[in-house]
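K.L.:
coords please:
(2 chains)
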Amino acid sequence: MKHFVSRLALASALSVAGFAAHAANTDITVAMQLEPPHLDPTSAAAGAIDSVLYSNVFEGLTRFMGDGSVVAGLAKSWDISDDGLVYTFILHDNVLFHDGSTMDAEDVQFSLNRARADDSTNAQKALFAGITDVSALDAATVVVTLDAPNGNFLFNLAWGDAIIVAPESIDGIKQAPIGTGAFKFANWVQGDKIELTRNDAYWGTPAVLENVTFKFISDPTAAFASVMAEDVDAFVGFPAPENLPQFEADPRFQVLVGSTEGETILSTNNKMPPFDNVKVREALAHAIDRQAIVDGAMFGYGTPIGTHFAPHNPAYVDLTGSSAYDPELAKKLLAEAGFADGFETTLHLPPPSYARRGGEIIAAQLAQVGIKVQITNVEWAQWLETVFRGKDFGLTIVSHTEPMDIGIYANPEYYFQYDNPAFQELMTNLNATTDPEARTALMGDAQRMISSDFVNGYLFQLAQLSVAKAGVQGLWTNAPTQATDLTAVSWAD
Amino acid sequence: MIRYTLKRFLSLCISLAVASLLIFFVIEIAPGDPASFMLGINAQPDTVAALRAELGLDIPKLERYLAWTQGMLTGDFGMSYTYRTPVSQMVADRLWVSLPLALFALALSTLIALPAGIYAAARRGQTGDVAVMSATQLGVAIPNFWFAMMLVLIFAIKLRWFAGGGFAGWDKGLGAVMWSLTLPAISLALPQAAILARVMRSALLDVMNEDFMRTARAKGLTTTQTLWKHGLRNALIPVLTIIGLQFSFLLAGGIIIEQVFYLPGLGRLVFQAISARDLIVVESVVMLLVFAVIVVNFAVDLAYAAVDPRLRART
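P.N.:
So this is what the prediction gives:
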C-alpha cells in the first residue's frame, strides 16, 4: 500500500512537472496520425514527411502560406523574362543550413537538378519537367530556363518536393535532415516521436517555440484519449470527427475546422462500359446525395463540390447545381442509355474513413436507381496496383490531395481515363498563360468542361480537422499543402 | 536427456527453414509494390523504376530469398525499404518496448492466475471457487482492446493517474518505463490470467484424483500439505504449456494493444510495415516471432523433461 501511495505521489509530481514545462510557454507536443517513413521530402509521396518538416525544417525558393497563397521563401525576389522562359531568382543573404554551411546559388542548382535528373526518385518529378537549365550566376543569383512558359512555375516551387537541400548533407537526409528552416531536427524515436529544436541562427523571423515534439497516434480512439488526457497539446488531422462536439463543449480545448486541397471523388473508369457512355455517368452524378454523404461519413465536416477544384480557391466555380441529387432523373437517364434495369459494377475502397464509410452510403444510394455495387475493401498498396496502375475497376473513392491538380484530366492514361482533346488543349493554354485574369477564366472553363462531361462523381472537399488546447495560437486552420507550420505558433499568456 | 534435446533441436531447425520459405514467398506474392507505394499517384514510371533499382527490388525473388536467409544467419536482416535503416536495429529498438511489456504482462498474469487457480481448486464447489470461476469466465469473454479503452477512460482521462498512452523512453528510468507500461500490461494480462487460472484449477483437480495423492493423505499429510508437496508439481505441466504459448502470444499479439496505447513496439512496426508494403521488415519480424515461438516451445519441451522424469526416460 505504501508503495502504491508513493507511486501516486510520483505520478502527481510528474504531472506537476509537465504543467510547469507548459507554463514556460516554449514547448509544444503535436500529434498526428501517420508517421513519416523517412525524412526526405524530395523522394517520397508520403504527406506525413511534409506534415513534420515543411517550413519547419526545410524551405524552398517560394512557399505556401496558411491561406494558400504563394510567397517568397529563400528567394528574396525574382524576375521573369518577357517570353516567360527565364526566371532569375535573387536569394536571401546569410542563410545557413543547420550544419553551419552557407545556402547559396549552387545549393539551389544542386537541388533542382537532383529533382529532375534521370535517376531522380522525386515523387513529383513532373513539377520540374519543363526546366532545361539551372545555372548559378553568382552566390546569390540563380537563373532557371524553361522550355515553355509555365504559369504554375512559382506555385510548383512552393511544394515540399522542391525544397532546397545541400550536397554535403544529402546522404544523411533520410534520417537526419539538414535544412534552412526555423527549427532544427533533434531526434527521432521511430514508431513514437520526432523532436525539433529552435534554430537560433535562423535568417528570418525566429520561431517562438523552443522545443517541438511530433507524436504519432494512428488509432482514432487513442487519438481521442491522448487529447482528453492532455498528453498532447494539439492533434492535427484529428481522425475521429464524431468526437469533435465533445471538444467544442470543453473550455480546455479549441476545435479548428478548415479546408484541404483534397477533392474527394467517386472516380469512374471512363473507358469501361457502361461508364464510357456519358449518359450513364450523368445518371451516376444525379444518383448521389452529397450532403447525405458528408453528414453520414464525415459527421457534417466537408463542403460539397460539383467539379475537381477547391471551393476556397478564388477561381472556383460552384457547379453542384448541375449534378444535383435527383434519383428520378438518374433512372430516366439510365433508361435512355439502355439500362432501365440497372447494371452491376465494382467499388474499390481504400482505407481512409471517407472512402470506407462514404462507400457504404454511395452503394445504398446507387442501389436506389438500380445500380448494384459490389464493394471491395483494399489497402493502399493494393489500390495503387489494381486500380491506379492496373485500371481494373468500375468505381473507387479517393481524395486527390495535391493542390491545383485539375491537370490530371489532360492525361488520357490517368487511371480514370478521361480522353478529351478539347480539355487537353485547354490545359496547354492554361500552362502557357501567366496573366492572372486570363488564367482564372481558363480555370473556370476547365471546371465546367469536366463537370458537364461528368467525368467522375464529385463528392466533397475534405475538411482539415484539428483540436488544440485553448492556449495554443497560430496553428494553420487550412491545409493548402500537407504541413504543420509551427514557425508562428505560440502559447497565449 | 541428450538424445531428447538433440531430437527437439533438429525439429526446431526444420521448422525454422520451412517457416522462412513460407513467410518469404507468401508475403512476396501479395499484390502491392513498395516503390509505387512510396512514390504515390503522381510518380512517373521512370521514377518508380529508379527507386526499385535503388531498393534492389529488380533482383530476382530467389536470389533475394537466399541473400535474406544467409544474412539472417549472421544477424543481418537487410535494410528497410521505407525507413532505410537496418531491420535488425529497428527490431532491436522495438524489442526494448515489446519485450518488457510481454514480460510484465506475463508476470502479472502468472501472479494473478496461479494463486487464483490453486485457491479455486482447494475450495472446489464452494463460494470462493464459484466466485473465481465467474471472474475468469468474464475475463475470457472481455476483448482486451475494449478493456484497454475502459482503463484509459478511468485511469487516464478521469483520474489522470496515467498517461493515455505512449512510451516514457528508457532515458527516463525504469520506474517511468514500468509506469507507462502498466495499463497496457494489465489489459494484456487479464484475459491471459483468466485462461491460466482455469487451466491451473482443472490441472490441480485432475491431479487430486490420482492414487498417489490418496497415498500421501494416507501416510498422514494434511490436505494442504498434499496439495503443495505433491499436487502442485504434477499439475504444472499443462500450466507450463499454456505459459509458453501465452508468452509468444503476448510478444506477437500486442499489435492491437500497441495501437490503443500507441506504443512503439514490434506489433506497431509490423502494422506500419504491412500497410507500406515494407516487405523485408514484415518478413524479418514475422520470422523473428516464429523463431521466438519455436524457441519458447523448445524451452518448454525441455522444462517438461525437467519437471517430469518419465519424459526423459521414454526417449
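
K.L.:
what does the stretch 301-450 of chain A put close to chain B?
P.N.:
A:351, A:379-382, A:384-386, A:388-389, A:400, A:402, A:415 (CB under 8 Å from any CB of the partner chain). Every C-beta, even on glycine, is put in place using the N, C-alpha and C of the backbone.

K.L.:
closest one of the residues you listed to chain B?
P.N.:
Chain B lies nearest to residue A:381 out of these, by CB to the nearest CB, at 2.8 Å.

K.L.:
just confirm the closest one contacts residue B:273, I think it does.
P.N.:
No - when contacts are counted by CB atoms under 8 Å, residue A:381 is not listed as touching residue B:273 (11.1 Å).

K.L.:
more crowded one of those two?
P.N.:
The residue with more neighbours, out of residue A:381 and residue B:273, is residue B:273; 26 against 23, by other CB atoms under 10 Å in any protein chain shown.

K.L.:
check the more buried one and give its pLDDT.
P.N.:
The score at residue B:273 is 88. That number is its pLDDT.

K.L.:
any idea how far it lies from residue A:198?
P.N.:
33 Å (CB to CB, to the nearest Å).

K.L.:
ok, and the closest non-adjacent residue to residue A:458?
P.N.:
Closest residue to residue A:458 apart from its sequence neighbours, by CB to CB, 6 or more residues apart in numbering or on different chains: residue A:305 at 4.8 Å.

K.L.:
ok, the one you found - how many residues close by?
P.N.:
Other residues close to residue A:305 by other CB under 10 Å number 24.

K.L.:
and the one 3 residues further on, by the same measure?
P.N.:
Counted with other CB under 10 Å, the neighbours of residue A:308 add up to 20.

K.L.:
how many neighbours does residue 73 have?
P.N.:
Here I'm looking at chain A. 24.

K.L.:
not quite, I wanted chain B
P.N.:
The number of residues near residue B:73, taken as other CB under 10 Å, comes to 7.

K.L.:
tell me which stretches of the stretch 151-300 of chain A form helices.
P.N.:
Ranges of helices within the stretch 151-300 of chain A are A:153-156, A:220-228, A:244-248, A:278-287, A:290-298, based on DSSP state H, counting those that start in this stretch.

K.L.:
among the ones you listed, which is nearest residue A:122?
P.N.:
helix A:153-156 (11.8 Å; CB to CB).

K.L.:
so the closest one, near chain B or not?
P.N.:
No - counting by CB under 8 Å from any CB, chain B is not contacted by helix A:153-156; separation bottoms out at 11.8 Å.

K.L.:
what's the distance between the nearest residue to residue A:370 once chain neighbours are set aside and residue A:477?
P.N.:
Nearest residue to residue A:370 in three dimensions, chain neighbours excluded: residue A:342, at 2.6 Å (CB to CB, 6+ apart). Here the distance between residue A:342 and residue A:477 works out to 43 Å (CB to CB).

K.L.:
okay, now the nearest residue to residue B:142 once chain neighbours are set aside: neighbour count?
P.N.:
Distances taken as CB to CB, 6+ apart put residue B:191 closest to residue B:142, at 6.7 Å, once the chain neighbours are dropped. As a burial measure, residue B:191 scores 20 neighbours (other CB under 10 Å).
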